[in-house]
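>>> curious how this folds, go ahead:
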Amino acid sequence: MALEDTDVFTRLERFYDSVPRDATVTEDIGEFVLFIREGAGWPYYARPRVGGETPSAADVTAVRARQRELGVPEAFEWVHETTPDLLAIARSAGLEVLLAPLMVLDRAALVPDLPVVGAAIRFLDPALPGFAADIAASRAVAHLGFGAPTSATGAAPTTDRAGDLAKEPADPAQRDAFPDPAEDVIADQTRRHASGRFFSAVVESPAEGIIASGSVQRVGGVAEVAGVATLPSARRRGYASQLTASLARRALEAGDDLVFLSAGDDDTARLYSRVGFRRIGTACIAAPAVAPV
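Residues are numbered from 1 along each chain as shown. Here you go, the predicted model:
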């Protein structure tokens with residue numbers, strides 16, 4: 001039976017609240033819950049309390065002060081349809097808000113599991129000897145992929161406004177030069193993968209090595225596809241689309257009946273819609289506005 005969108009939003013709130021709890025301590029600050037990372041891994045954020053009232057501008061200010069005290073990013077996340085009044089409040093409190101298309105998988109529309117040209121999709125296994133190297137390459141691909149504009153591709157270099165040759169897109173050499181993660185990061189990734197609540201996959205080329213990566217985190221029958229990135233020199237080959245489809249299919253096979261993702265922008269959302277996802281709302285990701293230079 002198809003889920004109603006109202007049920008989806010309720011389940012998403014529970015998911016967002018549950019996912020960080022095995023790796024964080026929490027602090028209630030006004031109507032926010034601040035998730036504070038313990039040990040290695042990505043820092044977390046503050047979110048509205050499940051079932052609470054809309055946070056105030058004073059709550060935003062108090063959370064930011066605590067984040068600065070802890071030395072963690074001043075990061076906030078919420079779903080606009082669940083907490084619609086927070087957008088204006090966050091902006092008035094000095095936050096810049098990314099409005100990311102929130103999309104859920106239509107199982108019947110999921111594209112077939114097709115081969116990728118010149119490469120193969122491989123799921124990472126924490127029990128194998130090469131796991132640490134896979135994680136290192138995956139993290140480097142994600143860093144380089146998300147750090148480059150979507151217009152940066154493996155096509156011929158363009159010129160900037162002054163007519164100078166623009167920087168070449170990041171390639172396998174830059175990936176391999178990226179610093180290896182610390183041992184505690186590898187240990188954290190091993191634990192997460194072995195728990196069954198997290199899995200990841202890569203697109204690997206015989207000639208270029210790992211050139212795309214992505215992951216899924218799972219709680220209570222809900223799965224989020226996240227971090228899908230392609231090395232800029234390998235873009236426009238369809239790798240991100242097929243990798244996303246493979247990750248979604250693995251989540252369904254694992255028993256998750258609600259698979260979702262947040263797209264970075266409308267162009268990316270159109271790519272995911274061709275895979276089988278449909279937009280149901282907006283994920284808000286906020287951080288302090290950067291003052292103009």
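>>> count the residues that sit near residue 39.
Residue 39: 11 surrounding residues under other CB atoms under 10 Å. Where you see a C-beta, it was placed from the backbone N, CA and C, and this is true even at glycine.
>>> was I right about it contacting residue 23?
Yes - between residue 39 and residue 23 there is a contact at 6.9 Å, judged by CB atoms under 8 Å.
>>> next, show the common contact partners of the two.
Taking CB atoms under 8 Å, 6 or more residues apart in numbering as the contact rule, the neighbours common to residue 39 and residue 23 are residue 188.
>>> what are the ranges of the strands in the stretch 101-250 of the chain?
In the stretch 101-250 of the chain, the segments counted as strands under DSSP state E, counting those that start in this stretch are 120-123, 198-205, 209-219, 222-230.
>>> for those, give me a markdown table that also has mean neighbour count.
Shown next, in a markdown table, are the strands of the stretch 101-250 of the chain (neighbours: other CB atoms under 10 Å):
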| stretch | mean neighbour count |
| --- | --- |
| strand 120-123 | 14 |
| strand 198-205 | 22 |
| strand 209-219 | 23 |
| strand 222-230 | 24 |
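>>> give me the phi and psi angles of the nearest residue to residue 289 once chain neighbours are set aside.
Nearest residue to residue 289 in three dimensions, chain neighbours excluded: residue 96, at 4.1 Å (CB to CB, 6 or more residues apart in numbering). As for residue 96, its main-chain torsions (degrees, to the nearest 10) stand at phi -100, psi 130.
>>> for residue 96, give its distance to residue 30.
Distance, residue 96 to residue 30, by CB to CB, to the nearest Å: 20 Å.
>>> who's more crowded, these two?
Comparing residue 96 with residue 30 by other CB under 10 Å, the one with more neighbours is residue 30, at 19 against 12.
>>> how much space between that one and residue 193?
Using CB to CB, one gets 35 Å for the distance from residue 30 to residue 193.
>>> before we move on, what about residue 57?
Counting by CB to CB, the gap from residue 57 to residue 193 is 40 Å.
>>> give me the more crowded residue out of these two.
residue 193 (20 against 15).
>>> from what I can see that one touches residue 123, true?
No - using CB under 8 Å, residue 193 is not in contact with residue 123, being 9.7 Å away.
>>> now do the shared contacts for the two.
The contact sets of residue 193 and residue 123 overlap at 199, 200 (CB under 8 Å, 6+ apart).
>>> can you list the low-confidence ranges for this protein?
1-6, 148-168, 291-293 (pLDDT under 70).
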